[in-house]
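Undergrad: sharing a model that was predicted from the sequence below.
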Amino acid sequence: MDKRIIGGAGGLDVSLVGLGCNAFGKRVDEKGTHAVMDAAIDAEIDFFDTAESYGGGNSEIYMGSGLKGKRDKVFLASKFGNTIVHIDGKNRGSAENIRAALDKSLAKLQTDYIDLYQLHRPDYDTPIVDTMGALEDLVTEGKIRYYGCSYFTGVQMQEAVDEAQRSGLRGFVTAQNAWNVLQRDIEPELVPVCEASGITVLPYYPIAKGLLTGKYLRGKSAPAGSRLADDADLENADFDRLERLDAYARDHGHDLLTLAMSWLAAQPATASIIAGGSKPEQMTANASATQWKMTVENLREIDAVVAGA
């Protein structure tokens, strides 16, 4: 498994393919969670990303029981501040709420530190410098190693970078946003800010909720129990583009999943690709899906395929 660095020189050396833990506690029970986690570790996937809100809080609980005796094998990322407020009268990004959220996550995860702690969504009511300052204090205390953010725009990230520099803070080291070969709205603004500031991107939805795996076909119902069963994203899927990408991949000796994951791996800003999973066998498939070392010509041709040129 190829490695990427989070946090710059001396930072976290993490697997290029990560494990997104959104399904744990929602579509995957505790036993199934442990099986997926073990399969990920066996496949050399060591970056696990969860959140306090995933699975109604059960994702962290199930992961905590599954990490017993294995904590040193993974880099653990979690998130706070989506919708949950722990302290009445305090904002999601306030120091008080962050500490309360972290303490609960540490207890559920059965660990005394989190490698990467992320603000799940921007808090428009708390100055970003205050949020980063609170997170910096937690780094100093050893409760977290690095901190990042999710759902930030390029403008919001630039503000965070500027405030960190003015205040002498390390600042965010990662940005977690939806990014895949079909969904590229972060490229004009957010990605350039990240690249200029040494911030790496953790792409989620790398396979567009499964559309880029090839298992969803035009005119066919979604497989029973799959993520897009009864989901509007399947009804609105652009199968013309999906079929063009699938044909391009096969013309080059690969499948659609490998194209999707390898395309993200070829992006300089990418750190660990957050690929979800609900079955152990998906871990092996995800881990091997970045094997296509794309050239500049491949990337240009894929742009043309997506555009229908």
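TA: Received the coordinates, thanks. Residues are numbered from 1 along each chain as shown.

Undergrad: show me which positions of stretch 294-309 end up buried.
TA: For stretch 294-309, the buried set under the neighbour-count rule, 16 or more other CB atoms under 10 Å, comprises 294, 298, 301-302, 305-306. Glycine gets a C-beta too; all of them are placed from N, C-alpha and C.

Undergrad: what about K68, how many residues nearby?
TA: Counted by other CB atoms under 10 Å, the residues lying close to K68 total 10.

Undergrad: can you tell me the closest non-neighbouring residue to it?
TA: Spatial nearest neighbour of K68, chain neighbours left out: Q110 (6.8 Å); criterion: CB to CB, 6 or more residues apart in numbering.

Undergrad: also D13?
TA: In space, D13 is closest to K3, 5.0 Å off (CB to CB, 6+ apart).

Undergrad: gap between the one you found and L106?
TA: Distance, K3 to L106, by CB to CB, to the nearest Å: 26 Å.

Undergrad: and those two? Which one has more around it.
TA: Each of K3 and L106 has its neighbours counted (other CB under 10 Å); L106 has more, 18 against 14.

Undergrad: give me the element that one is part of.
TA: helix 95-109 (DSSP states H and E).

Undergrad: and that helix, what does it pack onto?
TA: helix 58-66, strand 75-80, strand 114-119, helix 128-140 (3 or more CB pairs under 8 Å, 6 or more residues apart in numbering; DSSP states H and E).

Undergrad: please, where are all the helices along the chain?
TA: In the chain, the helices defined using DSSP state H lie at 30-42, 58-66, 95-109, 128-140, 154-167, 190-197, 232-235, 239-251, 256-265, 280-287, 296-307.

Undergrad: okay, the shortest one in CSV with CA atoms only?
TA: Same thing as helix 232-235. The C-alpha trace of helix 232-235 is given here as CSV (Å, rounded to 0.1, in the frame of the first residue of the first chain):
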residue,chain,number,x,y,z
ALA,A,232,-32.5,9.5,-5.6
ASP,A,233,-28.8,9.6,-6.6
LEU,A,234,-29.4,6.4,-8.6
GLU,A,235,-32.4,7.8,-10.4
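
Undergrad: how many neighbours does P127 have?
TA: 13.

Undergrad: that one: what's it in contact with?
TA: The contact partners of P127, by CB atoms under 8 Å, 6 or more residues apart in numbering, come to E163.

Undergrad: please tell me how far it sits from A222.
TA: 44 Å.

Undergrad: how about I186?
TA: With distances taken as CB to CB, I186 is found 27 Å from A222.

Undergrad: sorry, back to before: how about the helices and strands packed on helix 95-109 in TSV, adding distance to D42, mean pLDDT and mean neighbour count?
TA: Formatted as TSV, those follow (distance: least, CB to CB, whole Å; pLDDT from 0 to 100; neighbours: other CB atoms under 10 Å):
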stretch	distance to D42	mean pLDDT	mean neighbour count
helix 58-66	13	98	22
strand 75-80	16	98	26
strand 114-119	20	98	25
helix 128-140	31	98	19
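
Undergrad: indicate which one of those is closest to S15.
TA: For these, proximity to S15 was assessed by CB to CB; strand 75-80 is nearest, at 8.2 Å.

Undergrad: elements contacting the closest one?
TA: Using 3+ CB pairs under 8 Å, 6+ apart, strand 75-80 sits against strand 47-49, helix 95-109, strand 114-119.

Undergrad: what bits of the stretch 1-150 of the chain have low per-residue confidence?
TA: Residue ranges of the stretch 1-150 of the chain with pLDDT under 70: none are present.

Undergrad: hmm, who's touching stretch 245-254?
TA: Identification of contacts with stretch 245-254 by CB under 8 Å, 6+ apart yields 181, 212, 214, 255-256, 258-260, 262, 292, 298, 301-302, 305-306.

Undergrad: if you set the cut-off to 10 Å instead, what comes out?
TA: Outside stretch 245-254, the residues within contact range by CB atoms under 10 Å, 6 or more residues apart in numbering are 181-182, 211-212, 214, 217, 239, 255-263, 289, 291-292, 294, 298, 301-302, 304-306.
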